[in-house]
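J.: Just need the structure, nothing else, for what follows:
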Amino acid sequence: MASEQVSTELLRGFSPLDGLKRDNLAALARKVQIREMSPGQLLFKEGDTEKRTLYVISGTLELVDQAKVVGTVEGGTEFARNPVAPIFPRRVTGRAKDRVQFISIDSDLLDVMLTWDQTGTYEVSELAGKSDQSSQDW
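T.: Purely as a prediction, here's the structure:
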């Protein structure tokens, strides 16, 4: 499998990666590479439990259940914006119908990054209120 570096613009085209903050997306881009498969190669097998989030960039990935093609994921389509077979263990096998480019992200790392981005930040600019010189009770 050949590989090349991925851009933040490419990652932003996938869900839920499009919700990551710029810094986290850039950090993820440094860890991810575009990989390539030849026709007939398997991306994953039915029953696999390896926690990888997979996205098809180009080409067609067949989803096979007991030797029968039950679906396809074509790179560049709206359907391909979402992870391929995200439930573990995998319920189908992913087989390249033609030359397929894809990215593979460690699911635990992605979960941590998404959690970081959901954590709100607050900035306190002033704690003191208007000072009241009188000796009134509050």
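
J.: And the contacts of the longest helix along the chain?
T.: For the chain, the helix that runs over the most residues, judged by DSSP state H, is helix 107-118. For helix 107-118, the surrounding residues in contact (CB atoms under 8 Å, 6 or more residues apart in numbering) are 16-17, 19-21, 24, 27-28, 31, 51-53. Glycine gets a C-beta too; all of them are placed from N, C-alpha and C.

J.: Give me the buried entries from those residues.
T.: 17, 20, 24, 27-28, 52-53 (16 or more other CB atoms under 10 Å).

J.: Any chance of the residues you listed in JSON lines with secondary structure as columns?
T.: Listed next are those as JSON lines, based on DSSP: H, G, I helix; E, B strand; the rest coil:
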{"residue": "L17", "secondary structure": "helix"}
{"residue": "L20", "secondary structure": "coil"}
{"residue": "N24", "secondary structure": "helix"}
{"residue": "A27", "secondary structure": "helix"}
{"residue": "L28", "secondary structure": "helix"}
{"residue": "R52", "secondary structure": "strand"}
{"residue": "T53", "secondary structure": "strand"}
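
J.: low-scoring pLDDT stretches of the chain, where are they?
T.: Scanning the chain for pLDDT under 70 picks out the ranges 1-3, 119-138.

J.: show me the residues around the residue minimising distance to the centre of it that make contact.
T.: By CA atoms, centre = their mean, the mean C-alpha position of the chain lies nearest to L17, the distance being 4.9 Å. Listed by CB under 8 Å, 6+ apart, the contact set of L17 reads 11, 25, 28, 110.

J.: re earlier: ok, of the contacts of helix 107-118, which one's closest to F44?
T.: Nearest to F44, judged by CB to CB, of the contacts of helix 107-118 is R52 at 7.7 Å.
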